[in-house]
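Chemist: everything below, folded, please.
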Amino acid sequence: MNTAREAGFRLVTVVATQRISARMHRLRLAGENLLRFDTPANLHLRLHIPDAAQKTAARVGGREDITRYYTIRRIDAERGWIDVDFVLHEAAGPACDFARRARVGDVCGISGPCGLGVKPARDYLLAGDETALPAIARILETLPREARGTVLIETLDADGVCDLARPDGIDLCWFCRHQRGHDDFIAAAEKAISTLAGEAEDHFIWIAGEFSDCEALRPALKVTQKRRYINVAYWRATEAVR
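Modeler: Residues are numbered from 1 along each chain as shown. Below is the predicted model of the structure:
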């Protein structure tokens with residue numbers, strides 16, 4: 001039994017490949033019947049990466065596939081495409097390798113959608129590292145114009161900093177590990193959580209990124225109700241990566 005196909009699995013084809021920053025690569029995937037993926041309630045999809053030995057589309061979606069979770073950066077269901085952004089880690093995994101080597105015409109699979117977005121609120125805190133950047137960018141583009149809040153993003157260095165469309169009431173702050181240190185990002189996130197929970201009754205907090213960072217912020221989140229936040233790990237760093 002192929003559970004991937006039961007969860008809305010479909011084949012998609014790489015129709016464009018683009019390096020959008022020093023360490024971020026975008027694939028545009030085209031397929032049919034993508035409407036189920038076009039929802040702000042679920043930000044992510046399961047990407048089914050074919051084994052290197054698989055040469056035909058008919059074999060994609062089998063048990064040999066490697067499955068990873070990725071953010072739907074943009075989607076046009078009517079035209080039949082989805083953009084997915086990949087962080088190019090130094091310690092590359094199978095999805096990163098797939099993005100690097102992908103060529104127009106390559107086939108992979110997707111299923112889902114999955115992964116919760118933000119809930120309606122007046123004030124927001126969004127925080128994460130490079131892996132959370134596609135989701136944060138998508139969330140910001142869908143927030144109401146009157147939304148207020150703070151966005152904290154940690155990246156390796158200044159090459160990862162980019163302009164993000166957002167409501168006028170949203171402040172954006174970048175933390176570069178090579179310049180200000182990782183601890184500054186954690187300290188700023190802890191302070192922002194405490195301030196938001198203490199001053200804004202109608203708030204929502206969205207945090208994603210590396211496992212140990214999400215764990216470090218769990219104690220700070222005790223000041224608010226569970227229904228008012230999401231804190232999810234996207235990946236685990238090794239000592240070599242950190």
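Chemist: which residues in this protein form helices?
Modeler: 3-6, 94-101, 133-142, 182-199, 211-217 (DSSP state H).
Chemist: now, of these, which is deepest in the fold?
Modeler: Ranked by mean neighbour count, the helices of the chain are led by helix 133-142 with a mean of 20 (mean count of other CB atoms under 10 Å). In this view, the C-beta of every residue, glycine as well, is placed from N, C-alpha and C.
Chemist: show residues contacting stretch 219-230.
Modeler: Outside of stretch 219-230, the residues within contact range by CB atoms under 8 Å, 6 or more residues apart in numbering are 116, 118-119, 121, 189-190, 193-194, 196-198, 203-208, 231.
Chemist: how far does that stretch stretch from one end to the other?
Modeler: Chord length of stretch 219-230, first to last residue, is 13 Å (CA to CA, to the nearest Å).
Chemist: ok, stretch 213-226 next?
Modeler: Stretch 213-226: ends 18 Å apart by CA to CA.
Chemist: go on, stretch 27-41?
Modeler: End-to-end distance for stretch 27-41: 22 Å, by CA to CA.
Chemist: same deal with stretch 128-144?
Modeler: Stretch 128-144 has an end-to-end distance of 21 Å (criterion: CA to CA).
Chemist: and it, how far from the chain's centre?
Modeler: In terms of CA atoms, centre = their mean, to the nearest Å, the centre of stretch 128-144 is set 7 Å apart from its chain centre.
Chemist: where does pLDDT dip in the chain?
Modeler: 1-6, 52-64, 90-92, 180-181, 239-242 (pLDDT under 70).
Chemist: all strands in it, in order from the N-terminus.
Modeler: For the chain, the strands defined by DSSP state E cover 10-21, 24-30, 42-49, 66-71, 74-76, 81-87, 107-116, 123-128, 148-155, 169-176, 203-210, 229-235.
Chemist: domain ranges for this protein?
Modeler: What the record gives for the chain is the domain set 3-115, 118-235, from automatic domain parsing.
Chemist: what's near enough to touch residue 170?
Modeler: Residue 170 neighbours (CB under 8 Å, 6+ apart): 124, 140, 143, 147-151.
Chemist: these two touch, right, residue 144 and residue 166?
Modeler: No. Residue 144 is beyond contact range of residue 166, at 11.5 Å (criterion: CB atoms under 8 Å).
Chemist: okay, those two: which has more neighbours?
Modeler: residue 166 (19 against 10; other CB atoms under 10 Å).
Chemist: tell me the spacing between the closest residue to that one other than its chain neighbours and residue 27.
Modeler: Closest residue in space to residue 166, ignoring its immediate chain neighbours: residue 140 at 4.2 Å, by CB to CB, 6 or more residues apart in numbering. Applying CB to CB, to the nearest Å, the value for residue 140 to residue 27 is 21 Å.
Chemist: ok, now residue 96?
Modeler: From residue 96 to residue 27 the distance is 12 Å (CB to CB).
Chemist: got any residues that touch both of these two?
Modeler: residue 86.
Chemist: ok, so of the contacts of residue 170, who is nearest residue 101?
Modeler: residue 140 (30.6 Å; CB to CB).
Chemist: hang on, isn't that closest one packed against residue 163?
Modeler: No. Residue 140 lies out of contact with residue 163 (CB under 8 Å); the separation is 11.1 Å.
Chemist: which of the contacts of residue 170 sits closest to residue 73?
Modeler: Distances from residue 73 to the contacts of residue 170, taken by CB to CB, are shortest for residue 140, at 11.9 Å.
Chemist: so who does the closest one touch?
Modeler: Residue 140 makes contact with 126, 151, 164-167, 170, according to CB under 8 Å, 6+ apart.
Chemist: buried residues of stretch 225-241, list them for me.
Modeler: 228-232, 234-235 (16 or more other CB atoms under 10 Å).
Chemist: repeat that for stretch 85-94.
Modeler: Within stretch 85-94, the residues that count as buried by 16+ other CB under 10 Å are 85-89.
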